[in-house]
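Colleague: Give me a 3D structure for the following:
(2 chains)
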Amino acid sequence: MENSKPKYYLTTPIYYANSRPHVGSAYTTIVCDVIARYKRMCGYDVAYLTGTDEHGVNIERAAEKAGITPQELVDKNEKIFRDLWKLLGISITDFVRTTSDDHARAVQTLVRRTMERDQHLPPEKRSIYKAKYEGRYCIYDNLYVTDTPEPANCQICGRPAELISEENYFFKLSAYQDRLLELYRTQPDFVQPDFRLNEVRSFVESGLKDVSISRKTIKWGIPWPDDPEHVFYVWYDALTSYMTGVGYGEGAGGEANPRFNEYWPADLHMIGKEIIRFHAVYWPAFLMAAELPLPKRIHAHGWLLFESEKMSKSKGNVAYAEPIVKTLGNDALRYYLLREVVFGQDGNFSREALITRYNADLANGLGNLASRTLTMIERSFQGAIPPIEAPPESTLWSKDDLGVTLAKNHAPEAVQVAQAAFERFDFSAYVSAVWQLISQVDQFLAIAKPWSVKEQHDLQAILYRAAETLRIAVVLAHPVIPEATQKIWQQLGQSGKLEDVRIDQLEWGGLKPGTKIGKIEAVFPRADKKETLEKIETMENELRNPGAPAAEPKPSAAPTTEADVPRPGGAAGATAQAAAAAATAAPAVPAKIGIEDFAKVELRVGLVKSAERIQGADKLLKLLVDIGDEVRQVLAGIAMGYTPEELVGRKVVVVTNLAPRKMRGLESNGMLLAASAGPDGKPILCTFAEDIPVGSKVK
RNA sequence: GCCGGUUUAGCUCAGAGGUAGAGCGAGGGUCUCAUAAUCCCUAGGCCGUGGGUUCGAGUCCCACAACCGGCACCA
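Modeller: Numbers count the residues shown, from 1 in each chain, chains lettered A, B, ... in the order given. Modelled structure (predicted):
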C-alpha cells in the first residue's frame, strides 16, 4: 500500500529566480535527487521539493532593466530552472513558486497562526509585533542600517543611508535564544556537518536581534494579511515555501491539509553553507512561534569552486550544467559531482577532471564491463543468462587462485559498505564502493579468462558471476546515474523499472538463469578530451553571452542583480559567491541619479603619507592622506589587498565631504575609492596613469 | 583579534600509536571477451616546521607557520 510506506520529505533551497542557474545550483539539486532516488529504492514514499524564489527588489529591478514586468521576468526564469531540472533528470515531486497563490496563502496562514498564538500573551512577549523603525535605511538595497555611528552608510553599497521612519512587522528572534540553544543541545544532528552546528551555536550564543519581516518600500511581494501596505520580506516568505510545497495553507482553514500532515516536518533541508543561519536559526524560531514541528535536519554543504576559483559572473568563470549534459550526458555530470566532490567540503569543478572521470570510470569501467560481459553471454549462450554455479566436479575449483577467487563473492560486502556510506551522506565513498565492485569483476575476469574456458559449466559459472555482480552494481549506481543504469538493466534482460528495485533488499542471485538479454549497446562511448572540452567551452560562452560571437564577457552586462541580502537560492557556489562579493562590490545597478546628485560628492586626489594596521581588525588600515590643503585621517577597509608599506606615497581618490565616522574607536574622515573586483573580492584602489597634483578635484 | 578546520606520493584524498596507502596521471609489460578497453608491475613521499610524551608517533601533547571556514571588523 502506497500509504503505508514511511515518508521522507526533502528540499533544495528555493532558488532566486533572477538569473540562470549555474552548476552550483545544479549540484545541490542533483545531490538531493540522488538522496530522493535512493530513499525511494529503500521503500520510502519520498516528497522532493524545489522551486523558485520570485519576490524582492532585485527581481523588480532586473525586470525594470529588461523592460518587462516582474511577473514576466520570473515566468521566464522559472522556465529555465524547470527545463534544467528536466534535463538533469531530477525526480522532484513538487515545485513551489513564491509568487503562486498557494504560497501567498501559506505565508499568510503561517503568520496568522503565529499572531493567534500571540494573542494570549502580553504585548511584550509576542513573537510578531509592529514597531516603528527610526533610523538609517538604504533605499538602493532595502536595508536597515543599524549599529553604526551616525550618520551611517549602507552596509552593502556604502552609500549614505537615509533617515527614515517606517512601521514594520518584526519577529522577536531575541526571545528564542534559549530555545534554540536547547534545540542544538538535545538534537545535535539538527545541523550538519557538526562543525556548522558549532558555528551556528556560537552565533546564537552571541545574542540575537529581532528581525523585520515586512517592508513598505517594496511592492513585489506577498501582502501582509489585513495590512496590505506591507509586504513580506525575504526570509519569512522564502522559508515558508518548504511548507507550501507539501500543501500548507491549502483549503479553507488552511492547516488541516492531509498531505501537509503526512509529510511535515521535512526530514531534510539541503542548503549551501552561506544560508545556514536562516535555516538553522530563523526558520526553527519562526516555526516555534507558530507551534509547528521543526524540520529534522539542516544539511549545509560546501561550495563548488570552478577550476579552484570562486565562480562569479564578473570574472566570467561561471560554469553551467547544460553544456556538459548536452555533450557527455546527464549521468556524466551527476557521477562526477558525487564522486569527485567530497560532500560537505568545498569542491572543485573542473571540466578536464570531469572528462577524465567520464572516460576512466564510466566508459572504461562500468560501460566496458557491461559490454564485455554481455557480449560473452551473447556468444556463448545465445543470449541467455547461464545457470548460477559450477557443479562440484568442475575443474575450476582446482585451478590455483581461481578457486579462491570464485569462492570470494565481493558483492555482499560492497552492498554493505555502500549503504553505510550513504547513511553518512558520504557520497564519494558510496560511489567508490560501487566502482570498486566493478573493478573487482574486471579483475575476476582477468583471472577466470572465460574466453579460453572450454568446459561449458565452468563458463556458465564465470559469466553468471560477472553478470550478477554487474546487476548489483547497476542497482546501487542507479540513484547516481539513472539513465545509463536503466539501459544496462534492459540489456541484462530485466523488465520493468530499475527504480522499483529495492536497494535495501539486494541479494545475490537476482538474475534468473535463462533470461534473454537485450540488445547490447555502448552506454558511455569514450570521449575525446580535447574535442569534448572545446565543445563544452563553446556552448558555455554562448550561455554567458547570448548572441555574442563567443568572446569576452560584456562587462556592463555582468551581475546586475545578484547582490541583495543572501537569498535561499544562493546555494552552492557562484550566486552565493556573487552575493558575498557583491556585498563588498560595486552596487548593483541602482536607480539613475541626476548630475546634481553626483555633484554633491566631492572627490579629490590624495597622497598617502602614512599607513598602519589597526589592532584587532583584519581589513582596516589607518591612513593619513594629504588632500592638498589638509591631512586627513582616513580608515579604509583595504588591508586584504594592500600592505601599509606599499600604500605610502601612492596617490588615491578620496571622498572628502563624507561625514566623519568612527570605526574601531578611531575617526575616519573620508573614504577611498576602490573597486572590489580583485581576486577573491579584494579591493583595488583607484589610481591615475598620469601624474597629478595632490588636492586636484575629480569629477 | 576570537573560534574551528586543513597541511600525507605530480594531482585528489584515505589512514589515526607498532615496518607509509588508494584512485587518477606517467612509464613498462600481459591478455584479446570488450568502448585502442581489461589485467599486472613501477611512485623510493623530511606524512607543514620545531619541541615533548612513549620501548615506539602521520597517528597523542605543546608551540609555530601557511592555507581554508565562521564570528568580530570592513565593504
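Colleague: From now on I want contacts and neighbour counts done on CA atoms only, so please keep to that.
Modeller: Will do.
Colleague: Now A:Val46: closest residue in space that isn't a chain neighbour?
Modeller: A:Tyr8 (4.7 Å; CA to CA, 6 or more residues apart in numbering).
Colleague: That should have said A:Gly637, apologies.
Modeller: A:Gly637 sits nearest to A:Leu620 (CA to CA, 6+ apart), 4.2 Å away.
Colleague: circling back to that earlier point, tell me the secondary structure at the residue nearest to A:Val46.
Modeller: Secondary structure, DSSP: H, G, I helix; E, B strand; the rest coil: A:Tyr8 is strand.
Colleague: Enumerate every residue touching it.
Modeller: Neighbouring residues of A:Tyr8 by CA atoms under 8 Å, 6 or more residues apart in numbering: A:39, A:44-47, A:263, A:266-267.
Colleague: what do you get for A:Ile472?
Modeller: Contacts of A:Ile472 by CA under 8 Å, 6+ apart are A:411, A:506, A:508.
Colleague: Please indicate which of these are buried?
Modeller: When the contacts of A:Ile472 are checked for burial by 16 or more other CA atoms under 10 Å, the buried set is A:411, A:506.
Colleague: which among the contacts of A:Ile472 gets closest to A:Leu84?
Modeller: Nearest to A:Leu84 among those, counting by CA to CA, is A:Leu506 at 32.1 Å.
Colleague: Give me the pLDDT for the closest one.
Modeller: On pLDDT, A:Leu506 comes in at 92.
Colleague: Can you show me the helices along the stretch 101-250 of chain A?
Modeller: Secondary structure of the stretch 101-250 of chain A, counting by DSSP state H, counting those that start in this stretch: helices at A:101-118, A:177-186, A:194-205, A:234-244.
Colleague: where's A:Arg357 relative to A:Trp303, distance?
Modeller: Noted for A:Arg357: a distance of 20 Å to A:Trp303, by CA to CA, to the nearest Å.
Colleague: meant to ask about A:Tyr464
Modeller: The gap separating A:Tyr464 from A:Trp303 is 43 Å, by CA to CA.
Colleague: out of these two, which sits in the busier spot?
Modeller: Ranked by neighbour count (other CA atoms under 10 Å), A:Tyr464 and A:Trp303 place A:Trp303 first, with 29 against 24.
Colleague: The more buried one contacts A:Lys273, doesn't it?
Modeller: Yes: at 7.4 Å, A:Trp303 counts as touching A:Lys273 under the criterion of CA atoms under 8 Å.
Colleague: Not counting sequence-adjacent ones, nearest residue to A:Pro225?
Modeller: A:Pro225 sits nearest to A:Gln108 (CA to CA, 6+ apart), 6.0 Å away.
Colleague: Report pLDDT for the one you found.
Modeller: For A:Gln108, the pLDDT comes out at 92.
Colleague: How about the contacts made by the closest residue to A:Thr99 other than its chain neighbours?
Modeller: Spatially, and ignoring its direct neighbours in sequence, A:Thr99 is nearest to A:Glu54 (6.1 Å; CA to CA, 6+ apart). Applying CA under 8 Å, 6+ apart to A:Glu54 gives the contacts A:16-18, A:74, A:97-99.
Colleague: Could you check the helix or strand where A:Thr373 lies and say which residues are buried?
Modeller: Element membership for A:Thr373, per DSSP states H and E: helix A:368-381. The neighbour-count check on helix A:368-381 (16+ other CA under 10 Å) flags A:368-378, A:380-381 as buried.
Colleague: between the contacts of A:Glu54, which has the most around it?
Modeller: Ranked by the number of neighbours (other CA under 10 Å), the contacts of A:Glu54 place A:Tyr16 first, at 29 neighbours.
Colleague: Which one of the residues in chain A is closest to RNA strand B?
Modeller: A:Gly367 (2.6 Å; CA to the nearest atom of the strand).
Colleague: right, and that residue touches A:Ile520 too?
Modeller: No: A:Gly367 is beyond contact range of A:Ile520, at 10.8 Å (criterion: CA under 8 Å).
Colleague: Who has more neighbours out of those two?
Modeller: Legend: neighbour count by other CA under 10 Å for A:Gly367 and A:Ile520, higher for A:Gly367 (22 against 17).
Colleague: Tell me the confidence at A:Gly514?
Modeller: Looking at A:Gly514, its pLDDT is 92.
Colleague: what sits against A:Phe306?
Modeller: Contacts for A:Phe306 were tallied using CA under 8 Å, 6+ apart; they are A:317-319, A:348-350.
Colleague: Just the pLDDT for A:Val453.
Modeller: 85.
Colleague: Excluding sequence neighbours, find me the nearest residue to A:Ala238.
Modeller: Closest residue in space to A:Ala238, ignoring its immediate chain neighbours: A:Asp53 at 6.3 Å, by CA to CA, 6+ apart.
Colleague: Bridging across strands, which residues link to that neighbour?
Modeller: A:Tyr16 (DSSP bridges).
Colleague: Look up how far A:Val415 lies from it.
Modeller: Distance, A:Asp53 to A:Val415, by CA to CA: 39 Å.
Colleague: Who has more neighbours out of the two?
Modeller: Each of A:Asp53 and A:Val415 had its neighbours counted (other CA under 10 Å), and the higher figure belongs to A:Asp53 (27 against 24).
Colleague: coming back round to it: make JSON lines from the buried residues of helix A:368-381 and add pLDDT to it.
Modeller: What follows is those, written out as JSON lines (pLDDT from 0 to 100):
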{"residue": "A:Asn368", "pLDDT": "95"}
{"residue": "A:Leu369", "pLDDT": "95"}
{"residue": "A:Ala370", "pLDDT": "96"}
{"residue": "A:Ser371", "pLDDT": "95"}
{"residue": "A:Arg372", "pLDDT": "95"}
{"residue": "A:Thr373", "pLDDT": "96"}
{"residue": "A:Leu374", "pLDDT": "96"}
{"residue": "A:Thr375", "pLDDT": "95"}
{"residue": "A:Met376", "pLDDT": "95"}
{"residue": "A:Ile377", "pLDDT": "95"}
{"residue": "A:Glu378", "pLDDT": "93"}
{"residue": "A:Ser380", "pLDDT": "90"}
{"residue": "A:Phe381", "pLDDT": "92"}
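Colleague: which of those sit farthest apart?
Modeller: The span of the buried residues of helix A:368-381, defined through CA to CA, is set by A:Asn368 and A:Phe381 at 19.6 Å.
Colleague: got any ranges where the stretch 451-600 of chain A has weak pLDDT?
Modeller: Across the stretch 451-600 of chain A, residues meeting the criterion (pLDDT under 70) sit at A:545-600.
Colleague: what do you get if the cut-off is 50, keeping everything else the same?
Modeller: Flagging of the stretch 451-600 of chain A using pLDDT under 50 yields the residue ranges A:548-566, A:569-592.
Colleague: again with chain A
Modeller: Applying pLDDT under 50 to chain A flags the ranges A:1, A:149, A:156, A:548-566, A:569-592, A:677-681.
Colleague: Quick one: name the residues of the stretch 201-350 of chain A near RNA strand B.
Modeller: A:203, A:274, A:340, A:342, A:347 (CA under 7 Å from any atom of the strand).
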